[in-house]
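In: fold the stuff below for me.
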Amino acid sequence: MGITRIGEFTPMSDDPDDYRPDSTWALVIDDGDDHGRVDTLVLLFEQMAPGDAIPLHTHTVDEAVVIDEGTGEYRLADRRQEVSAGSVVFIPAGTPHAARNTGDGPLRIHAAFPSESIDIRYLERNPAPGTEDREPSAFRYDPRTGEVTELDQ
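Out: Here you go, the predicted model:
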């Protein structure tokens, strides 16, 4: 619990399923307080480059996304919706979703996950060079430790 600052934004080039080296992101985590509370909230801050897209995927927890700047399109299951600054997207756990920057400038988003880790099961890929023949992966990421655990397909 407390006040913190967003850390350094880093390129999104480490994930072979979601390779977007011109987009950047940062994570912030609140992992409880000094009074024994252990609830955790993970916030993701992203600056998506023009033309970039987050591939279709699911999480086992709810997600809320706030669009701060730019224009784009969100896909929730089979529904597509244009978004812009001030849009809020609520994504129930298990809902396939994707996003795309349709504008000329960055699409700045903030996503919140009420969880101590972020799990992701890709249904589609933005393959990193040299990984085009791989199947989509599934993993759990613990931002407190940096640990990545592969999940069963």
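In: please enumerate the strands of this structure.
Out: Assigned by DSSP state E, the strands in the chain fall at 10-12, 20-30, 41-48, 53-58, 63-69, 71-76, 79-84, 88-91, 97-101, 107-113, 118-122, 138-142, 147-150.
In: and the third one, what's buried?
Out: Which is strand 41-48. Across strand 41-48, burial judged by 16 or more other CB atoms under 10 Å covers 42-48. From N, CA and C alone the C-beta is placed, and that goes for glycine too.
In: ok, the longest one next?
Out: Neighbour-count burial for strand 20-30 flags 20, 23-25, 27-29 (criterion: 16+ other CB under 10 Å).
In: mind listing the strands it pairs with, and their directions?
Out: Here strand 20-30 is paired, per DSSP bridges, with strand 10-12 (antiparallel), strand 41-48 (antiparallel).
In: run the angle between that strand and strand 53-58 for me.
Out: 50 degrees (axes from the mean of the first three to the mean of the last three CA atoms, to 10 degrees).
In: same check, this time on the third one
Out: Relative orientation of strand 41-48 with respect to strand 53-58: 150 degrees, computed using the same axes, to 10 degrees.
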